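Undergrad: Only the shape, not the letters, is given here:
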């Protein structure tokens, strides 16, 4: 049995397989996920697990060089955006319209679907390098 880090086998495998510039999405319960993208569905019920908890755990293992958010998050979910930016720390942020965001979701390695019911609680994490 794995002793530390992400215990979810699918998430752990995706992160281990990511290279520089590969993307993983952490999503709320409502984000449309294209059929061609690997879906890792963690949603159990409304707000379980939470988006921020999931992001926090993934950030412990994934080297991130950029995070992409929907620009609508600023207006529709400002508290969530503020908390996400705090978690991301010094990671550069790009904000794009939600329709463009959804297009990028289709190019990601995987989408981790949470039970989050906060609008626009989604982030695309772009893998970096550790050297």
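TA: Structure's in. What do you need? From a predicted model like this one, the values you see are computed outputs, not experimental measurements.

Undergrad: Could you check the pLDDT of the residue sitting nearest the centre point of the chain?
TA: Nearest to the mean C-alpha position of the chain, by Cα atoms, centre = their mean, lies residue 26 at 2.2 Å. pLDDT recorded at residue 26 is 99.

Undergrad: Tell me who's in contact with residue 3.
TA: Not one residue lies near residue 3 by Cβ atoms under 8 Å, 6 or more residues apart in numbering. In short, each C-beta sits where N, CA and C put it, glycine included.

Undergrad: Can you name the secondary structure element that comes next after the helix or strand that contains the residue nearest to the centre of the chain?
TA: Using DSSP states H and E, residue 26 sits within strand 23-27. Counting by DSSP H and E, the element after strand 23-27 in chain order, helix or strand, is strand 38-41.

Undergrad: What strands flank the lengthiest strand in the chain, and is each parallel or antiparallel?
TA: Longest strand of the chain, by residue count under DSSP state E: strand 64-70. For strand 64-70, sheet partners with direction are given as strand 93-96 (parallel), strand 123-127 (antiparallel), following DSSP bridges.

Undergrad: wait, which of those is closest to residue 56?
TA: strand 123-127 (11.6 Å; Cβ to Cβ).

Undergrad: which residues does the residue lying closest to residue 56 once chain neighbours are set aside contact?
TA: Leaving aside its chain neighbours, residue 56 sits nearest to residue 87 (5.8 Å; criterion: Cβ to Cβ, 6 or more residues apart in numbering). For residue 87, the contact set (Cβ under 8 Å, 6+ apart) comprises 52, 55, 56, 59.
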